[in-house]
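> structural data only, the sequence is not supplied:
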């Protein structure tokens, strides 16, 4: 497969998590993530605040679309705060979440707890260097339902979705 110039292949699996499954997990490294999915394309503007250290990071990201289950070319440009502010005036759909890190079977998983209109939605994800390693990931006990590749649960879709519809889809998926 030919990747777009400057892009890297991101191999990622995503899971819905029942909020009550979070009890007792050793969560670390809280980061507040605010995303704006810009209108008219596949660009995402992101700000990340490390809530432990206060460090801030800004990115402009493009995801090109899945090329295989859980595999998608992606490119990030790291921005200064002023550059981020220049892009932030563009029209887009916003979403916010608090991301935690949690270990399972020697791997690090992220745990995203959504804020605002999507309060109560929890998604876990993990990356691997290759497709083979991705498929061999040990599924953590808190991962209720795999949502890898389900368009309704992509960040861009969640940012523009009706929150009531997201709650219905989540309840349906979790059974």
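Arrived safely, thanks for sending. Everything numeric in this text was worked out from a predicted model, so none of it was measured. Residues are numbered from 1 along each chain as shown.

> now the most centrally placed residue in the chain: phi and psi?
The residue lying closest to the centre of the chain (Cα atoms, centre = their mean) is residue 155, at 6.3 Å. Main-chain dihedrals, residue 155, degrees, to the nearest 10: phi -60, psi -40.

> quick one: the helices in this structure, in order.
Per DSSP state H, the chain carries helices over the ranges 81-88, 131-135, 155-160, 163-174.

> going by mean pLDDT, which of the ones you listed comes out lowest?
Mean pLDDT is lowest for helix 131-135 among the helices of the chain, at a mean of 90.

> need the helix or strand of the chain with the lowest average pLDDT.
Every helix and strand of the chain was ranked by mean pLDDT, DSSP states H and E. The lowest is helix 131-135, at a mean of 90.

> so which elements touch it?
Judged by 3 or more Cβ pairs under 8 Å, 6 or more residues apart in numbering; DSSP states H and E, helix 131-135 is in contact with strand 8-17. Bear in mind the C-beta positions are built from the backbone N, C-alpha and C, glycine included.

> the strand it packs on vs helix 163-174, what angle?
Strand 8-17 and helix 163-174 meet at an angle of 80 degrees, taking axes from the mean of the first three to the mean of the last three Cα atoms, to 10 degrees as the criterion.

> buried stuff in the lengthiest strand in the chain?
What stands out as the longest strand in the chain, according to DSSP state E, is strand 92-104. For strand 92-104, the neighbour count (16 or more other Cβ atoms under 10 Å) marks 92-93, 95-100, 102, 104 as buried.

> re earlier: and the least confident helix or strand of the chain, how far from the chain's centre?
With Cα atoms, centre = their mean, to the nearest Å as the basis, helix 131-135 stands 18 Å off its chain's centre.

> what does it contact?
11-13, 68, 70-71, 127-128 (Cβ atoms under 8 Å, 6 or more residues apart in numbering).

> and the furthest pair within the buried residues of strand 92-104?
92 and 104 (33.4 Å; Cβ to Cβ).

> residues near the nearest residue to residue 50 once chain neighbours are set aside, how many?
Nearest residue to residue 50, sequence neighbours excluded (Cβ to Cβ, 6 or more residues apart in numbering): residue 31, at 5.4 Å. Look at residue 31: counted by other Cβ atoms under 10 Å, it has 19 neighbours.

> what distance do you get for residue 31 to residue 48?
Counting by Cβ to Cβ, to the nearest Å, the separation of residue 31 from residue 48 is 5 Å.

> go on, residue 75?
For residue 75, the distance to residue 48 equals 17 Å [Cβ to Cβ].

> and if you look at residue 173?
In terms of Cβ to Cβ, residue 173 sits 27 Å off from residue 48.

> now swap in residue 69 and tell me
Using Cβ to Cβ, one gets 27 Å for the distance from residue 69 to residue 48.
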